[in-house]
Each structure stands twice: as C-alpha cells, then as structure tokens.
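Trainee: Got a predicted model here, sequence first, then my questions.
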Number of protein chains: 2
Amino acid sequence: MLFADLDATYLDNLLAPIDNMVFETGAVIYSEGDGHSYIYSVRSGRAKQVGYSKSGQERIVRLNGVGDAIGLEAWVDKPYQHTAIALQKMDVCRIPVNVLKRINNEVPLLSRQLFSRWEAALEQADFWITSLSTGPTRKRVIRLIHFLVDRDNVPNAIVRLLKAEDMAAMLGTSKETVSRIMSELKNIGVLRRIAPRTYICDMAALDSYEYQ
Amino acid sequence: MLFADLDATYLDNLLAPIDNMVFETGAVIYSEGDGHSYIYSVRSGRAKQVGYSKSGQERIVRLNGVGDAIGLEAWVDKPYQHTAIALQKMDVCRIPVNVLKRINNEVPLLSRQLFSRWEAALEQADFWITSLSTGPTRKRVIRLIHFLVDRDNVPNAIVRLLKAEDMAAMLGTSKETVSRIMSELKNIGVLRRIAPRTYICDMAALDSYEYQ
DNA sequence: CGAGTCCTTGAAATGGATCAAACGCTGTGG
DNA sequence: CCACAGCGTTTGATCCATTTCAAGGACTCG
C-alpha cells in the first residue's frame, strides 16, 4: 500500500529484499532503542506502540491497523522510539529502509506516500492528546469507543474493544476504572456483548451519554 | 533554517515570495480549519498550538520555538489542524507551499529537512502523551519544567515558564492545581523567582523530588 | 496610580487510584 | 464431557488527589 502510486511490474525488481512476516498475539515487532532499519507495513491485524516509564508503567501511544506504516523513524535514521507489539495475529511486510531510499531516488512519488503516513501518525498522536488524554475518564472511554468503531455501520456499530488493561494504557488511567465505566455503559444498554470483547454499540445513545 | 542544506545564492531567486512577519503576544498565526497554504518558520519567540473541545476547553498540543516549522500539514494539502498563537513577540517567515514544492522539485535535499521537521513534531507529540499526560499531576509539572529549561546551564538552570493557565492547558489539568504545585516547589527551594515567570531551578533537587 | 489580569489559598465535593477478593470465561487435559 | 488452571474482569471499601467555586491578594502594564 506504501507503493500505491507506483507501477506494479516496475516494482517487482526492487521489492525482492522485502519479507512478509507473521506475528502472533503478543509478539514484539521491534523494541524501543533498536537500531535496525526496517519500516513495517501492516497487511492485517492490529498492533500497539508502547512507551515505558522508569517505573515500568506502560503507556500506549498509538494503535495501528491495515495500511499503516510503523517504525517510520527508521526513515530518518533514528532508533525506534517505542516498542511495537501485535495485539492479534498479524501479517506485515518488512521493508529495509535502504531499499525504500533507492526506490525513492528513482521514483520520487514514493515520498508523497511517506509524507502521508507521517501525517497520519501525527494526526493520531494529536487525537491521543486532545481526545484520549483530556477531560474526565468517562469521556475518554467514550471517545476511545468511537475511535475503535468500524465506521460505516450506523446506527448500531460493531466494536472490537481491547482488554481493559490495554484500554487503560491508552487512556492513562487504571484498568479498574475502565471496567467500571464499561459496566455502566452495558447497564444503560449502550453496549451489548456479542462475543469476547466485541459489542454492538448504540452510537446515538453513546453520543448523548457523553454530554451528561 | 529550513534551507540549511541549500546553496545560499541559489536560493535568493526562489525566495522572493517569502514574507517576514512579526506577531505580537496573543496574535493568531493561523486558525484551525483554515485552508491557506503556508508553512511558517520560527525565527524568534515562542508559539502554542491549541485544539478546542466542543465545550470550549482549550488543550495545548505543541509548543514551538526557534527553528521549528509550524503548519506542516499544509504540505500535504490539509487544512490546519490547530490554532497557532504567539506567546511572545515573534519573528516568523511565511513560506507559500507551492514555492516549497517548486524548490523541492529542483533540489530534493529540501525534503530531507521537511522530514526531519515532521519527525520533530511527532517526537514532541509523543513526549506530550508519555510525559505530560501520564501519571500524577506533580510529576507532569516537573517534567514540564524539565522541558522548558534552557538546556546547558546546569546545575542551576534558568526557566522561562508560561502563565499557569497555559501550563494547565499543556498538562490537561486545572490552573489552580498548577499554582499549588508551583508554590510547593518554591517553598522547598527548588524554584527561585528572578523575574516575572522566570525562575532559577535547582535541577538536582527537582529530579530527586520527582521520586517521592 | 489604577485597571485589569493573573496568582494564591481555602473549603467542600467529587473522581479516581489502590488493594483485595470473588467471579466468569476459555481453552486444556483427563 | 467435565473439571480445572489461568487469565481477565468485576465489585467493594478506603484513601488520596484533583476539581470546582469563591474570594482575596499580588503583580504588571499602560
């Protein structure tokens, strides 16, 4: 997907060094501080990027899904700033940065794609700050559910949530508080469980509930 | 500074459309949603980038100083995502994006500079999440002071702080809480006021205080 | 010097963290 | 098919941190 702008047959010559890889749930894709120079493109599944404080507390700074590029800092020759961990079984392709640079020299259209991935990462980070790290916890949880909803099925959307501990690490709160708010939402009928960590969400009720 | 990699005389032809501008304290550099296509490069002074929630509450998502480029989203043809406001009298130069693109076509070295600005913005956003939006408020304030310290003067550094309301908007807390913690730090002798909003900070004491 | 802005402090009420214990679900092996 | 281990969730109770409202005081800048 990173190569959306490029000619398909032309690519095959260049893409030989690219590996398709599979990561199981919980597998570490890369670790903070690693100096290896790969950018990863997600083909399926979801990953979290986490930072650890000195006290060992973990904070999730980004969530990545299909089409996202992760480990972009390698492009500017920086060690990875976070640890990337698969939340589900994932298909990713691992692209050496020097290959990317070679492609970029011959076909500058690539850098357009790279800029847009970069912009997406920044936009997500800003969302994290303004929506997941601001205001009372209940509002944060509600905004998080919004974020996780598979768009386009309204008014009753299907949401695949994460385990409480991960949601807490996204919101900068404790797992107990997340659990309590989830209970609340289930009791009022905003969320209805249909499978493990999967719910049907009444979007209208969710929105109106935020403004109480 | 954006043109650090480029030849000086070569530039003069291209840079004619660039305006040098001055913004007074509180002046709006651009507003969220504006579609104008300029990138601004800071020559002196500091600016805040703020996002407003529906309730009108403001959250500062970034702070920019000398050498920073702001309004980068214009490069990928997006409207500005935040409102940029001068915190002090500022000198900035305003560069039309189409000029940048022209320069970039002829001298691809420019895009290296742009990527690195983009990376800096993302790094700051991540710092905001992990350091200014995580953990108890006292720790956040301490990390914020660290961030604002003019590096290189140790062990007693000079810090130019912001008004309490702005610091609160950076930390996602209330101005009263910020004020209380500041009082605490002054009482213990970690901070010593030498001018309006300017303090001498005993860095060692500050650090050891964080771990209580 | 005065107007306005910003800071400080108090007291009450709330919200959230933490510790601890019980519960429920899921997948495994007998 | 059932029982059990392990993980994750739920819930309660207590304590602490933070918000909020309100008022007084200090500082800054014209």
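Mentor: Yep, that arrived. Numbers count the residues shown, from 1 in each chain, chains lettered A, B, ... in the order given.
Trainee: Which helix or strand lies directly C-terminal to the lowest-mean-pLDDT helix or strand in chain A?
Mentor: Ranking every helix and strand in chain A by mean pLDDT, DSSP states H and E puts helix A:8-14 at the bottom, with a mean of 64. Along the chain past helix A:8-14, the next helix or strand (assigned with DSSP states H and E) turns out to be strand A:19-23.
Trainee: ok, then the element right after that next one?
Mentor: Downstream of strand A:19-23 (by DSSP H and E), the next one is strand A:28-30.
Trainee: could you point out which element follows that following strand?
Mentor: Downstream of strand A:28-30, the next assigned helix or strand under DSSP H and E is strand A:38-44.
Trainee: neighbouring strands for that next one, and are they parallel or not?
Mentor: strand A:69-70 (antiparallel), strand A:90-96 (antiparallel) (DSSP bridges).
Trainee: Would you mind giving those as JSON lines with mean neighbour count and distance to DNA strand D added?
Mentor: Using the backbone N, CA and C atoms, a C-beta is placed for each residue, glycine as well. As requested, these are arranged in JSON lines below (neighbours: other C-beta atoms under 10 Å in any protein chain shown; distance: least, C-beta to the nearest atom of the strand, whole Å):
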{"stretch": "strand A:69-70", "mean neighbour count": "22", "distance to DNA strand D": "22"}
{"stretch": "strand A:90-96", "mean neighbour count": "20", "distance to DNA strand D": "17"}
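Trainee: what's next to stretch A:163-180, contact-wise?
Mentor: For stretch A:163-180, contacts defined as C-beta atoms under 8 Å, 6 or more residues apart in numbering or on different chains pick out A:48, A:50, A:58-60, A:63, A:87, A:128, A:132-133, A:137, A:140-141, A:144, A:161-162, A:182, A:197, B:133-135.
Trainee: Buried ones in the top helix by length along chain A, by neighbour count?
Mentor: Counting residues, the longest helix found in chain A (DSSP state H) is helix A:109-127. Across helix A:109-127, burial judged by 16 or more other C-beta atoms under 10 Å in any protein chain shown covers A:110-111, A:113-122, A:124-127.
Trainee: Let me see the contact set for the closest residue to residue A:32 other than its chain neighbours.
Mentor: Excluding the flanking residues, the one nearest residue A:32 by C-beta to C-beta, 6 or more residues apart in numbering or on different chains is residue A:83, at 4.9 Å. Counting by C-beta under 8 Å, 6+ apart, residue A:83 makes contact with A:28, A:30, A:31, A:32, A:49, A:50, A:51, A:52.
Trainee: now do 7 Å
Mentor: A:28, A:31, A:32, A:50 (C-beta atoms under 7 Å, 6 or more residues apart in numbering or on different chains).
Trainee: Isn't residue A:159 up against residue A:145?
Mentor: Yes: at 5.9 Å, residue A:159 counts as touching residue A:145 under the criterion of C-beta atoms under 7 Å.
Trainee: sorry, back to before: now mean pLDDT too, for the strands paired with strand A:38-44, in CSV please.
Mentor: Shown next, in CSV, are the strands paired with strand A:38-44 (pLDDT from 0 to 100):
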stretch, mean pLDDT
strand A:69-70, 95
strand A:90-96, 94
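Trainee: what ranges of chain A fall below the confidence cut-off?
Mentor: Within chain A, the segments meeting pLDDT under 70 span A:1, A:6, A:8-16, A:151-153, A:211-212.
Trainee: So which bits of it are right by DNA strand D?
Mentor: By the rule C-beta under 7 Å from any atom of the strand, the part of chain A lying against DNA strand D is A:163, A:164, A:165, A:175, A:176, A:179, A:180, A:182, A:183, A:186, A:197.
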